[in-house]
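Trainee: Compute the structure for the input listed below.
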Amino acid sequence: MATGDTTESTAVPTEEVVGWETKLRYFLNSDFVRSSPYWGIPFILMGIAVYGGIGYNVVISLTDYAGLGRPTFSNFDFEMYATALSNDAFREAAINNLVLLIAFTTVSLALGLFLAILLDHGIRYKDKIQTIYLLPMALSFVVTAQLWLWMYNQENGVLTIIVTTLGFEPIDWLGNPEIALASVIFALVWQFSGYAMVVYLAGLQSIPSDQFEAAKVDGASTTRTYLRIIIPQLKESSVSAAVVLMVFALKAFTFLYALVGQYRPPNGTDILATLMVRQAFKFGKWAYAAAIATMLLLLALSVIAPYLVYQHRQGSL
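Mentor: Reported below is the predicted structural model:
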């Protein structure tokens, strides 16, 4: 019995050790480990440069760093966040950010859907119209801003010529705070509505034509068919296009910088990104700017996170 007990007590650990060694051997020979020299270094560099920078920015926002010398990390607080939330300029910029985000995305989706339905009906010069509406997206923010800066010129811009020809007074499109943000949104819609059009057009072409024929047989009008049958099936297209458009709206700093000028007095087009850069580089309030950047990051995550959760539930992630 003693010998049997000894045999059993030594056999179990041996099996555990062999199993652990086998798992380790499989792991070391896996594609994940063998490919690590190729993806490991870029992954580490990206982690340091991107996520390390984000973390450092959050730390700076908890200090009173003014951009000169080294920041002191002895006293952390949320003073900069409290200052931002109580500041009128910050609240105005945040509201403008939300208006830009919602209005630009909504109008781009609506216009893109309308154009996609027209093209799906096989109108004449379909390919040419599709190219014309998609071409602006190939332009950079700076090129688009310069184009619209010329068109909005109060003295000799195209829109000014049209307005004066119709007998109206010239309009200061970018200098009037009441219409400046709308002018920015209009230019952005011009650039990106073509993207929404292509996404919706792909969604429309994936819907079987039998549904159109069945609705026609049942006596449903074209408008009713689209509203009750076709458009509800474009949910995936709407979600994916909306997320991309909202990301472009959050990246509109370059466009605004080139269109209205970063260091001019705010004219109703200030958003969180422009306010952040102005506070950092013009006034030297680096901790305050870092706090604004952190809140802008949270705004971006509030857009991306629900989409990722949605994709995960759909089995796409």
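
Trainee: For the rest of this, base every contact and every neighbour count on C-alpha atoms.
Mentor: Will do.

Trainee: where does the chain have low pLDDT?
Mentor: 1-19, 122, 262-266, 316-317 (pLDDT under 70).

Trainee: which SS class is the nearest residue to Thr222 once chain neighbours are set aside?
Mentor: Leaving aside its chain neighbours, Thr222 sits nearest to Lys216 (7.9 Å; criterion: Cα to Cα, 6 or more residues apart in numbering). Following DSSP: H, G, I helix; E, B strand; the rest coil, the label given to Lys216 is helix.

Trainee: before we move on, what about Ser74?
Mentor: coil.

Trainee: how close does it get to Phe27?
Mentor: For Ser74, the distance to Phe27 (Cα to Cα, to the nearest Å) stands at 43 Å.

Trainee: Also Gln279?
Mentor: 50 Å.

Trainee: do the same with Gly53
Mentor: Counting by Cα to Cα, the gap from Gly53 to Phe27 is 32 Å.

Trainee: the more surrounded of Gln279 and Phe27?
Mentor: Gln279 (18 against 13; other Cα atoms under 10 Å).

Trainee: contacting residues around the more buried one?
Mentor: By Cα atoms under 8 Å, 6 or more residues apart in numbering, the contact list for Gln279 reads 285-286, 288-289.

Trainee: Can you pull the phi/psi pair for Gly284?
Mentor: phi 70, psi 20 (degrees, to the nearest 10).

Trainee: Quick one: neighbours of the closest residue to Ile60 other than its chain neighbours, just the number.
Mentor: Leaving out its chain neighbours, the residue that sits closest to Ile60 by Cα to Cα, 6+ apart is Ala287, at 5.6 Å. By the measure other Cα under 10 Å, the count of residues near Ala287 is 26.

Trainee: Quickly find the element holding Ala287.
Mentor: helix 286-313 (DSSP states H and E).

Trainee: Buried ones in that helix, by neighbour count?
Mentor: For helix 286-313, burial by neighbour count (16 or more other Cα atoms under 10 Å) applies to 286-296, 303-304, 307.

Trainee: What backbone torsions are found at Leu68?
Mentor: The phi/psi pair for Leu68 (degrees, to the nearest 10) is phi -120, psi 130.

Trainee: Noted, bye for now.
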